[in-house]
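Participant: Here's a sequence, model it:
(chains A, B, C and D)
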There are 2 protein chains.
Amino acid sequence: MAGIDEVAQRAGVSTATVSRALSGRGYVSDATRERVQGAASELGYVVSSTASGLASGRTRNIGVVVPLLSHWYFSSVVEGAETALLRRGYDTTLYNLTGGDAERRSVFTQFLLRKRVDAVIAINLELTVDEVRALHDLNKPLVGIGGPIPDVPTLALDDLEVARLATSHLTGLGHRRIGHIGGEREFDVDFHLPTTRRQGYEAALVDAGIPVEGSLLQPADFTMNGGYIAAKQLLGSPRDRPTGIFAASDDMAIGAILAARDLGLVVPRDVSIVGVDDNQLAPFFNLTTIAQFPRNQGEMAVNLLLAELGEETTKPSDLSLPFELVVRGSTARPQE
Amino acid sequence: MAGIDEVAQRAGVSTATVSRALSGRGYVSDATRERVQGAASELGYVVSSTASGLASGRTRNIGVVVPLLSHWYFSSVVEGAETALLRRGYDTTLYNLTGGDAERRSVFTQFLLRKRVDAVIAINLELTVDEVRALHDLNKPLVGIGGPIPDVPTLALDDLEVARLATSHLTGLGHRRIGHIGGEREFDVDFHLPTTRRQGYEAALVDAGIPVEGSLLQPADFTMNGGYIAAKQLLGSPRDRPTGIFAASDDMAIGAILAARDLGLVVPRDVSIVGVDDNQLAPFFNLTTIAQFPRNQGEMAVNLLLAELGEETTKPSDLSLPFELVVRGSTARPQE
DNA sequence: GTGAAAGCGCTAACAA
DNA sequence: TTGTTAGCGCTTTCAC
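Facilitator: Sure, this is the predicted structure:
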């Protein structure tokens, strides 16, 4: 494969000029630049990332670390980040931490330190002080999604407000007995998302002057099956059955819809159900939900990171992630 | 950060010996190796991948190319591949082709050619001759999943047999009127998977002496909603309604289950339904299905690829991917 | 605006 | 088994 000297020769310039022309760093006249670009493309020349990386210290590669990939949310965030990076000429190197502690340690003490990446995006990961320091010592910027991480700029959803909005949608419709699915202590990893959403639910009840009742809280594991089981519990007894349910994820909300059907209840006539995510199944189940936008989140993280790397980019001014109530057919006024 | 000379100095050897001790290439006495490894870990030394890559021509990084990431199947395959690679000390660089033609071209003419990766895994991608040649010219091995690609070893599911097995399960139970959801011409990309599965369905019918009926074929787009609509069509008319349905994916099969319920039919009493995939929702819906194992597929591809790169590994002897009938509660004998 | 030349931090002949 | 040394293919300083 053609090297930089062949391009230089063909364009009648030095290798230094080729480098400048192709990377956009330093002064090159327009005429020369075009000549070089022409020569490069005729030869099918592509800069060697290893040589360029060694000489410059920049790899044009970003590490993306996820706790899990085979889940709608994470794969969508990664997809959004990868697309944004590719557009800017960056590669995306993926680290999936599903393998457990030893794997996580090796990623943070070996893989991320071998200078393959210029910077790191950490998705829904509570990084330790040591993990952050190791990266900062190497001068690798770090951006988080799903925060907060000390000393790391982090994009985060305001889960309290998300839950409050979802629940207020129900109180606004006139519901007074509202159940909540989520918030199991056991699953309270990841920045206490389940707990925070439960608190948002409670805040909305308080806002509406409704007392919080322990019996209306059903812990679940954020799966459809978990939501199904929890909803059966909530909806099973005919007396003082809730007329509305706020589930902390769409999967659980859909499980709740299916549980309601199995109990002979009609949604939303007998019970209104609202979720969080707006995942790919939500439209099919006609689910009212609080949408979040994972692809866009990945892209925002990229913009934030590239700004730290000194690239020209539209740095997000606000680190709070957007969300939005999407009203579909699973919620309505309660029956008289 | 510590460099190789510091390690060499601390261990009292030359940099060449450090390189050999840490990479495992070339002779080093056990005593020396341990001394070097000790020095390296005390200093927190990690080999620079750019320097090592430039000098050796090996990057210890594999490119994984997918048409789409935010789907259970693809994210699971990538997860399996990434885990297997990480275990072997390799990084995984991800290329998602969702962006369209221009993006695909840039990936194959720029990104993959900049020598960031040693080899490439292509998932469910019909590569062009040019794309394959560009990689082979650079001496980058290539392995496919979901094959066949000319000149490229490819792991593939025998879709004809998968569909035949699913359908035979129904004929074996005594079903004679069996509908099929899938096989829309429009979606017949990706190595004709939909068409092949339809042919397997037809083959099983022929095996059982059952004539193929056009009215029992319902095209759909492999989504839950598509399966729902198709099943409504198939099950809507009470006379000569099929007693069994083979859907070419679990998502469609689940859509069919929900359609049956909405029509007042009980699964499997009134209609048996079988899918393909064994995805994360299948157990919840108690769906009988043909399981495939995407994580394992990613791992197999890695083993195949590492063998081509000359690494010690258990090279898969058989390029056909395993599948398996999983009988759950959505299939039963037809009613008398 | 462009060229000459000195590295970037390793690996791999080759020699010992 | 280990050390010496010449690159790997670029980028960047400095001089012009």
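Participant: how near is whichever residue of the stretch 201-336 of chain A sits closest to DNA strand C to residue A:119?
Facilitator: Nearest residue of the stretch 201-336 of chain A to DNA strand C: residue A:309, at 18.5 Å (CB to the nearest atom of the strand). All C-beta atoms are positioned from the backbone trio N, CA, C, and that covers glycine. As for residue A:309, its distance to residue A:119 is 6 Å (criterion: CB to CB, to the nearest Å).
Participant: Between those two, which has more neighbouring residues?
Facilitator: When residue A:309 and residue A:119 are compared for neighbours, residue A:119 comes out ahead with 20 against 16, by other CB atoms under 10 Å in any protein chain shown.
Participant: For that one, give me its contacts.
Facilitator: A:62-63, A:140-143, A:305, A:308-309 (CB atoms under 8 Å, 6 or more residues apart in numbering or on different chains).
Participant: got any ranges where chain A has weak pLDDT?
Facilitator: By pLDDT under 70, the weakly predicted segments of chain A are A:184-190.
Participant: and it, which of its residues are near DNA strand D?
Facilitator: Residues of chain A lying close to DNA strand D by CB under 7 Å from any atom of the strand are A:3-5, A:15-16, A:18-20, A:22-23, A:25-26, A:45, A:47-48, A:51-52, A:54-58.
Participant: Let's see the ChimeraX selection covering just the buried ones among those residues.
Facilitator: The ChimeraX command for the buried members of the residues of chain A next to DNA strand D (criterion: 16 or more other CB atoms under 10 Å in any protein chain shown) is given here:
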select /A:4,18,19,20,22,45,47,48,51,52,54
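Participant: contacts with chain B among the residues of chain A next to DNA strand D, please.
Facilitator: Counting by CB under 8 Å from any CB of the partner chain, A:47-48, A:51, A:54 from the residues of chain A next to DNA strand D sit close to chain B.
Participant: Quick check: the farthest pair among those?
Facilitator: Farthest-apart pair in those is A:47 and A:54; separation 12.0 Å (CB to CB).
Participant: which parts of the helix or strand residue A:257 falls within are buried?
Facilitator: In this assignment (DSSP states H and E), residue A:257 forms part of helix A:250-262. By neighbour count with 16+ other CB under 10 Å, helix A:250-262 contains the buried residues A:250-260.
Participant: which helices and strands does that helix pack with?
Facilitator: Packed against helix A:250-262 by the contact rule (3 or more CB pairs under 8 Å, 6 or more residues apart in numbering or on different chains; DSSP states H and E) you find strand A:178-181, helix A:224-235, strand A:244-247, strand A:272-277.
Participant: Quick one: work out the angle between the last one and helix A:224-235.
Facilitator: Angle, strand A:272-277 to helix A:224-235, by axes from the mean of the first three to the mean of the last three CA atoms, to 10 degrees: 150 degrees.
Participant: How about exporting strand A:272-277 as PDB, limited to the C-alpha atoms?
Facilitator: The C-alpha trace of strand A:272-277 is given here as PDB (Å, rounded to 0.1, in the frame of the first residue of the first chain):
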ATOM      1  CA  SER A 272     -54.000   3.900  33.300                       C
ATOM      2  CA  ILE A 273     -50.300   3.000  32.900                       C
ATOM      3  CA  VAL A 274     -47.400   5.200  32.200                       C
ATOM      4  CA  GLY A 275     -43.700   4.200  31.700                       C
ATOM      5  CA  VAL A 276     -40.300   5.700  31.100                       C
ATOM      6  CA  ASP A 277     -38.000   5.300  28.000                       C
END
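Participant: which other helices and strands contact whichever helix or strand comes after that strand?
Facilitator: Using DSSP H and E, the helix or strand that follows strand A:272-277 in sequence is strand A:288-292. If contacts are counted by 3+ CB pairs under 8 Å, 6+ apart, strand A:288-292 sits against helix A:159-172, strand A:272-277, strand A:323-326.
Participant: Just put those in TSV and tack on distance to residue A:110 and mean neighbour count.
Facilitator: Below are the helices and strands packed on strand A:288-292 laid out as TSV (distance: least, CB to CB, whole Å; neighbours: other CB atoms under 10 Å in any protein chain shown):
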stretch	distance to residue A:110	mean neighbour count
helix A:159-172	33	22
strand A:272-277	34	29
strand A:323-326	37	16
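Participant: and residue B:281, which of these is closest to it?
Facilitator: Set against residue B:281 and scored by CB to CB, the helices and strands packed on strand A:288-292 come closest in strand A:272-277, at 15.3 Å.
Participant: domains of chain A?
Facilitator: For chain A, automatic domain parsing gives the domain ranges A:4-47, A:59-157+A:294-308, A:159-291.
Participant: now the ones you listed in JSON lines, with distance to residue B:112?
Facilitator: Shown next, in JSON lines, are these (distance: least, CB to CB, whole Å):
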{"stretch": "domain A:4-47", "distance to residue B:112": "9"}
{"stretch": "domain A:59-157+A:294-308", "distance to residue B:112": "10"}
{"stretch": "domain A:159-291", "distance to residue B:112": "29"}
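Participant: so which of the ones you listed gets nearest residue B:181?
Facilitator: Residue B:181 lies closest to domain A:159-291 among these, at 15.4 Å (CB to CB).
Participant: Leaving out chain neighbours, which residue sits closest to residue A:45?
Facilitator: Nearest non-adjacent residue to residue A:45, counting by CB to CB, 6 or more residues apart in numbering or on different chains: residue A:2, 4.5 Å away.
Participant: Turn the helices and strands packed on strand A:288-292 into a markdown table, including distance to residue B:111.
Facilitator: Listed next are those as a markdown table, based on distance: least, CB to CB, whole Å:
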| stretch | distance to residue B:111 |
| --- | --- |
| helix A:159-172 | 36 |
| strand A:272-277 | 31 |
| strand A:323-326 | 33 |
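Participant: Nearest to residue A:150 among those would be which one?
Facilitator: Comparison of these against residue A:150 by CB to CB identifies helix A:159-172 as nearest, at 18.9 Å.
Participant: Was I right to think the residue of the stretch 201-336 of chain A closest to DNA strand C contacts residue A:143?
Facilitator: No. In this structure residue A:309 lies outside contact range of residue A:143 using CB atoms under 8 Å: 10.3 Å.
Participant: the strands in the stretch 101-250 of chain A, which residues?
Facilitator: Secondary structure of the stretch 101-250 of chain A by DSSP state E, counting those that start in this stretch: the strands cover A:119-123, A:142-145, A:154-155, A:178-181, A:217-218, A:244-247.
Participant: any idea which of those strands is most buried?
Facilitator: strand A:244-247 (a mean of 32; mean count of other CB atoms under 10 Å in any protein chain shown).
Participant: and it, C-alpha only, in PDB?
Facilitator: C-alpha atoms of strand A:244-247 as PDB (Å, rounded to 0.1, in the frame of the first residue of the first chain):
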ATOM      1  CA  GLY A 244     -53.200   4.400  37.700                       C
ATOM      2  CA  ILE A 245     -49.700   2.900  37.700                       C
ATOM      3  CA  PHE A 246     -46.400   4.600  37.100                       C
ATOM      4  CA  ALA A 247     -43.800   2.100  36.100                       C
END
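Participant: and it, what other elements does it pack with?
Facilitator: Using 3+ CB pairs under 8 Å, 6+ apart: strand A:244-247 touches helix A:159-172, strand A:178-181, helix A:224-235, helix A:250-262, strand A:272-277.
Participant: Phi, psi for the residue nearest to residue A:45 please.
Facilitator: Main-chain torsions, residue A:2, degrees, to the nearest 10: phi -60, psi 140.
Participant: so who does it touch?
Facilitator: A:43-45.
Participant: how close does it sit to residue A:37?
Facilitator: Distance of residue A:2 to residue A:37, given as CB to CB: 14 Å.
Participant: One more: residue A:89?
Facilitator: According to CB to CB, residue A:89 stands 14 Å off from residue A:37.
Participant: Which one's more surrounded, these two?
Facilitator: Counted by other CB under 10 Å, residue A:89 and residue A:37 do not tie: residue A:37 has more neighbours, with 16 against 12.
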